[in-house]
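In: just coords:
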């Protein structure tokens, strides 16, 4: 393991270690998450999902960052996406139990909000993840791909966030839809994201967005693989 890999691993540990060592840090986290959900979602995704992109870059190039990659603007975009992920979690975690109740599943919300494991809770968590990843995830992933491409084309500068994004051109000329559909959507959504977010929705509400942000590190690896596939085409 090289020094930069050790630093990356230590940074990751230091982010989470206080919550396991100091009860006050854990209490602060749960209280702040409940009271300031949007702000905490921004921070979680800006840090953790960006670390995932940096890890993906390490896999592709051997570096965690380089001039033109745009780590800061990418972090800001991830924070912005964190807002909408927070909203999506609220919408799907509330609406899906209502739908399942309509379909005949009994005592859905009671079992879903129970701190104990039960079959109904597992079924509900699965369908929340299922609908969220089919309806929301492809839009979010595509938007993220567009912003990443725009940041790269602007040399990774922060000013990229204040210029018009040529969405139509990027979608028609720069996105490899064969990879985006055949790998990112068709394979990672059913085989990774739906199972992973089923686990997410089994967790207490204050930890769901945090766990989703941690999964952003996995997303960085997935994006790295997709990028390599894109170059191979």
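Out: Great, that's in hand. From a predicted model like this one, the values you see are computed outputs, not experimental measurements.
In: what sits against residue 28?
Out: Neighbour list for residue 28: empty [criterion: CB atoms under 8 Å, 6 or more residues apart in numbering]. For glycine as for every other residue, the C-beta is placed from the backbone atoms N, C-alpha and C.
In: repeat the analysis, applying 10 Å as the threshold.
Out: 18-19, 22 (CB atoms under 10 Å, 6 or more residues apart in numbering).
In: helix or strand for residue 209, which one?
Out: According to DSSP states H and E, residue 209 maps onto helix 205-232.
In: mean confidence score for that helix?
Out: Averaged across helix 205-232, pLDDT comes to 75.
In: in helices, which of the contacts of residue 28 appear?
Out: 18-19 (DSSP state H).
In: which one of the contacts of residue 28 is nearest residue 34?
Out: residue 19 (15.1 Å; CB to CB).
In: can you give me the neighbour number for that closest one?
Out: 16 (other CB atoms under 10 Å).
In: would you map out the domains in the protein?
Out: According to automatic domain parsing, the chain comprises the domains 1-35, 37-232.
In: mean pLDDT lowest for which of those domains?
Out: Across the domains of the chain, domain 1-35 gives the lowest mean pLDDT, at a mean of 87.
In: test my guess that residue 132 contacts residue 93.
Out: Yes. If you go by CB atoms under 10 Å, residue 132 and residue 93 touch, sitting 8.5 Å apart.
In: identify the contacts common to those two.
Out: Common neighbours of residue 132 and residue 93, counting by CB under 10 Å, 6+ apart, are 200-201.
In: between the two, point out the one with more neighbours.
Out: The residue with more neighbours, out of residue 132 and residue 93, is residue 132; 24 against 20, by other CB under 10 Å.
In: in stretch 116-132, what counts as buried?
Out: Residues 120-132 are the ones in stretch 116-132 that count as buried (16 or more other CB atoms under 10 Å).
In: so which of these belong to helices?
Out: Checking those against DSSP H, those in helices are 120-132.
In: quick check: residue 183 touching residue 141?
Out: No. If you go by CB under 10 Å, residue 183 and residue 141 don't touch, sitting 11.2 Å apart.
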